[in-house]
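S.K.: Just a sequence and a predicted model for now, questions to come.
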Amino acid sequence: MNHPKFQIYTSENGEYYFRLTARNGQNILSSQGYASKAGCQNGIESVKNNGTNADRFEVKEATNGKFFFNLLAANKQVIGKSQMYATPETCQGGIEAVQRVAAEAGVEDTTG
């Protein structure tokens with residue numbers, strides 16, 4: 001499957017995760033762990049529903065001076081977290097990438 005896409009995968013502890021990739025294949029958003037695949041799929045739907053709303057993003061500065069963003073649901077729970085960015089401007093570019101691709105991205109399930 002081409003990018004952009006959501007990719008569902010499992011970790012060694014058996015939890016389900018998703019990541020959203022941009023058109024260039026770069027990871028732009030990662031999820032928390034979910035106990036079930038259905039929960040992970042619901043998380044993807046939440047990104048699709050909330051990812052175009054600029055008010056649902058919060059930019060944070062990490063202790064190392066780099067920047068990242070969280071995508072929040074309407075209840076303010078974190079749906080996904082970005083990678084680290086060197087500047088607030090490049091972090092904003094990551095937010096804009098999520099806003100552009102989240103609604104149209106397909107889903108690739110690598111869990112079998």
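M.R.: On my side now, so go ahead.

S.K.: the strands in this protein, which residues?
M.R.: Shown for the chain, the strands assigned by DSSP state E span residues 5-10, 16-21, 27-31, 57-61, 67-72, 78-81, 106-109.

S.K.: Please name every helix or strand in contact with the second one.
M.R.: For strand 16-21, the elements it packs on are strand 5-10, strand 27-31, helix 37-50, judged by 3 or more CB pairs under 8 Å, 6 or more residues apart in numbering; DSSP states H and E. Placement of C-beta: from N, CA and C, glycine included.

S.K.: beta partners of the residue positioned nearest the centre of the chain?
M.R.: Centroid-nearest residue in the chain, with CA atoms, centre = their mean: residue 29, separated by 2.6 Å. When bridges are called by DSSP bridges, residue 29 pairs up with residue 20.

S.K.: ok, it touching residue 81?
M.R.: Yes: contact criterion CB atoms under 8 Å: residue 29 and residue 81 qualify, at 7.1 Å.

S.K.: Please enumerate the shared neighbours of the two.
M.R.: The contact sets of residue 29 and residue 81 overlap at residue 71 (CB atoms under 8 Å, 6 or more residues apart in numbering).

S.K.: Mean pLDDT and distance to residue 101 for the helices and strands packed on strand 16-21 - can I get that in CSV?
M.R.: Converted to CSV, the helices and strands packed on strand 16-21 look like this (pLDDT from 0 to 100; distance: least, CB to CB, whole Å):
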stretch, mean pLDDT, distance to residue 101
strand 5-10, 97, 9
strand 27-31, 96, 8
helix 37-50, 96, 10
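
S.K.: Take those and write them to TSV, including distance to residue 90.
M.R.: As requested, these are exported to TSV (distance: least, CB to CB, whole Å):
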stretch	distance to residue 90
strand 5-10	22
strand 27-31	12
helix 37-50	21
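
S.K.: Of those, which is nearest residue 68?
M.R.: strand 27-31 (10.3 Å; CB to CB).

S.K.: Fine by me, we can end here.
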